[in-house]
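K.L.:
Structure, please.
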Amino acid sequence: MSCHEARVLGNAQVDFQIALAGNPNVGKSAIFNRLTGLTAITANYPGKTVELNVGIVNYRKHRFAVVDLPGTYGLDAVSEDQSVAKDALLFERYAVVVIVLDAANLERNLYQALQIIDLGLPVVIALNLVDYAARKGIAVDTAKLEQTLGVPIVPTVAITGQGLRRLLDTIISVAATPSGSQGNVKLTYTHSELIERFRGTFKDSSELAPARPLPARFQQRLIEGDAEIEAALHGTLTGRKVIEVANALRTAIELKENEPPQLFFCRERQRIAHEIAQEVTRPIKIREEAALLSRHYAVWPPTAIPLMFGVITGVFAFMFFVGGFLSDMIGRLWGSFVSPELQTAAYWILRNQLAARIALWGVDGGVLAALSVGVPYVLTFYIVLAILEDTGYLGNVAYITDSVMRKIGLHGRSVIPLIMGLGCNVPAIMATRVLTTRRERLLASTLVTLTPCSARIAVVLGAVAYLVGWQYAVVVFLIDLAVIGVIGKALNLVMPGESEGLIMEMFPFHMPSLRSILDKTWFRFKAFVFVAFPVVTIGSIFLGGLYELGLLNAFTKISGPAFYAVLGLPPVAVIALLLGILRKELTLQLLVALAVMQYGASAHNLTVFMSPAELFVFAVIVTLYFPCVATMSVLKREMGWKSTAAIMVGDIGIAFIIGGALFHLLTAIQLA
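P.N.:
Numbering: from 1, shown residues only. This next block holds a predicted model:
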């Protein structure tokens, strides 16, 4: 594809598009974020539920799209996201495929690189993490590796941006090179003569060669017995003849090697990857201070378990103390300096008492509620999440939790979506695609909806930990953890099938980049601000209209006694629960807005009109009941309406049963 060939991606006109491919945890996403500036959009791959990140790069008068393919260890897909990566490379047209390799684990990474090079695609290799490789005592001869593979090699350190300008220049150069002239080196397999005979037969025979020759990438996969390629070719007479030739070649290889051709190619690539890695790497002196970074103390149970609980405790302690301080400071400053001025302005501008009071529900109570929850708790969690991601710690948690996850029908990798759910349930649901079976995805998705996202954590910390006591917040989280365990165990018993085994590698820690942390935090929090603030403001105005016009009181008079009898919550709390279905952070924010408008700015302390027991029950219900609309929408797309409806009804039922039981238990204790 020519560099000047215009393509349209969504509404963006681009000159060409490239793909980023590579193993998991090689820094592929870090390169993507650096190149695109965290301005990516998501797009569903045709016919799949998997979403790909797509970004636009403007560089040296060129404008091109970057598609971040899912991280995989090879082209033999076993899950939907791996299937998407494979199909994109086989069936989509990219001007360049950038393969990201980990310089510290070159032999392992080369296996997939060899597969992609075998497809005859225009390739550029970003040899990433060269700084970490040096700290491990590994140096890579990039010139020799480039000569061996026949593709451009660019050393990079994605987290700092080192080498990325050269990478962009190389991408543009390769994209401008006519297709088929990149000059990739032909890899020498044990039976290369048989393989070339197949290619020659296909090229020379007028009977087999169609008007448009079979692409080289199809030829290679056909030789290896790719069922999807065979299915695509089987509909034509020419295709069926090509398949017959490929079958004869595979039979010849199997007779000579006494093993299936797929296993032969797998073994051959492993051999070649080993030989190349041995040839191009050499040991160098390790700096003493860096040696400690290579120790996997995060996965050795005697140290890993205390470390994991220490990290969890540290996260919640940080959010509790820092979030509580910020919430209190924002409330005091707003009540002292902003709220009086807003009230004066509202009455002066609107000249109507009723209209002014309704408007103040949004611009005073609503904005204060959004600030006093969003900044202290959601923002602080995003900071912590970015740190955990950049250090690489989240991946190590999967190993140490594998034995626990198996008790509920999952494996250690399933804990990653659950941890992501602590930030937001929406990407956590999508992250279940890495699991290989629908059973595992459905089970994990159900548990994700019960995982308290940052918005629900904000409710617990803001309504219970800060106002009632941190020990009560711990009890809320323990109740939620117990529910997740019981539901997971029950579903594991009733759902047919069982979990597959866990095979994964351990990744070392990395020093996080301050810029990367700030970029990720702002990218996520910006989305929260642009969505939550308008919704909170408009929702508060709507709630204020209902209240000031007397409609809210009428509703609460009808439904309030019933809800109080079951859950022990005041009517305004029930209203907040209902409106919180839009977004979970609205639950506490609208409750705060209601308190502010009824009792003044100082009433952001909810104990003014709710008892500690009521706040405790309220937080438990918020943690367990109906996930937000966005989560249910994604769940419907991933699992279908029937499964979504079943999860929704189950969550609501569990929340009300446990909430009601706690209310009556606390009431009985108080009476005793």
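K.L.:
Pull the contacting residues for the closest residue to G560 other than its chain neighbours.
P.N.:
The shortest distance from G560 to any non-neighbouring residue, by Cβ to Cβ, 6 or more residues apart in numbering, is to P571 (3.6 Å). To be clear about C-beta, it is placed using only N, CA and C from the backbone, and glycine gets the same treatment. By Cβ atoms under 8 Å, 6 or more residues apart in numbering, the contact list for P571 reads F555, T556, K557, S559, G560, F563, Y564.
K.L.:
Kindly report the same for Y466.
P.N.:
So Y466 contacts F320, G323, G324, S327, D328 (Cβ under 8 Å, 6+ apart).
K.L.:
So which of the contacts of P571 is the closest to N258?
P.N.:
F563 (72.4 Å; Cβ to Cβ).
K.L.:
Give me the pLDDT for that closest one.
P.N.:
F563 is assigned 78 on the pLDDT scale.
K.L.:
What of L502?
P.N.:
Looking at L502, its pLDDT stands at 59.
K.L.:
Same question for P24.
P.N.:
The model's pLDDT for P24 equals 82.
K.L.:
Name the nearest residue to it, sequence neighbours excluded.
P.N.:
G71 (3.7 Å).
K.L.:
do F563 as well
P.N.:
V574 is the one closest to F563 (Cβ to Cβ, 6+ apart), at 4.6 Å.
K.L.:
May I ask you to confirm that the one you found is in contact with G560?
P.N.:
Yes - under the criterion of Cβ atoms under 8 Å, V574 makes contact with G560 at 7.0 Å.
K.L.:
What helices and strands are in contact with the strand of greatest length in the chain?
P.N.:
Using DSSP state E to define each element, the chain has its longest strand at strand 51-59. Judged by 3 or more Cβ pairs under 8 Å, 6 or more residues apart in numbering; DSSP states H and E, the packing partners of strand 51-59 are helix 28-36, strand 41-44, strand 62-68, helix 164-176.
K.L.:
and the helix or strand hosting L543, which residues are buried?
P.N.:
Assigned by DSSP states H and E, L543 falls within helix 514-548. Within helix 514-548, the residues scored as buried using 16 or more other Cβ atoms under 10 Å are 516-517, 519-521, 523-525, 528-529, 532-533, 535-537, 539-548.
K.L.:
Show me what that helix is packed against.
P.N.:
Using 3+ Cβ pairs under 8 Å, 6+ apart: helix 514-548 touches helix 28-36, helix 353-360, helix 367-373, helix 380-391, helix 551-567, helix 571-579, helix 585-599.
K.L.:
For L394, give me its contacts.
P.N.:
Taking Cβ under 8 Å, 6+ apart, one finds L388, I416, I419 in contact with L394.
K.L.:
picking up where we left off before, same list (the helices and strands packed on strand 51-59) but as CSV, adding mean pLDDT and mean neighbour count.
P.N.:
Shown next, in CSV, are these (pLDDT from 0 to 100; neighbours: other Cβ atoms under 10 Å):
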stretch, mean pLDDT, mean neighbour count
helix 28-36, 87, 22
strand 41-44, 50, 13
strand 62-68, 92, 21
helix 164-176, 95, 18
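K.L.:
and I312, which of the ones you listed is closest to it?
P.N.:
helix 28-36 (24.2 Å).
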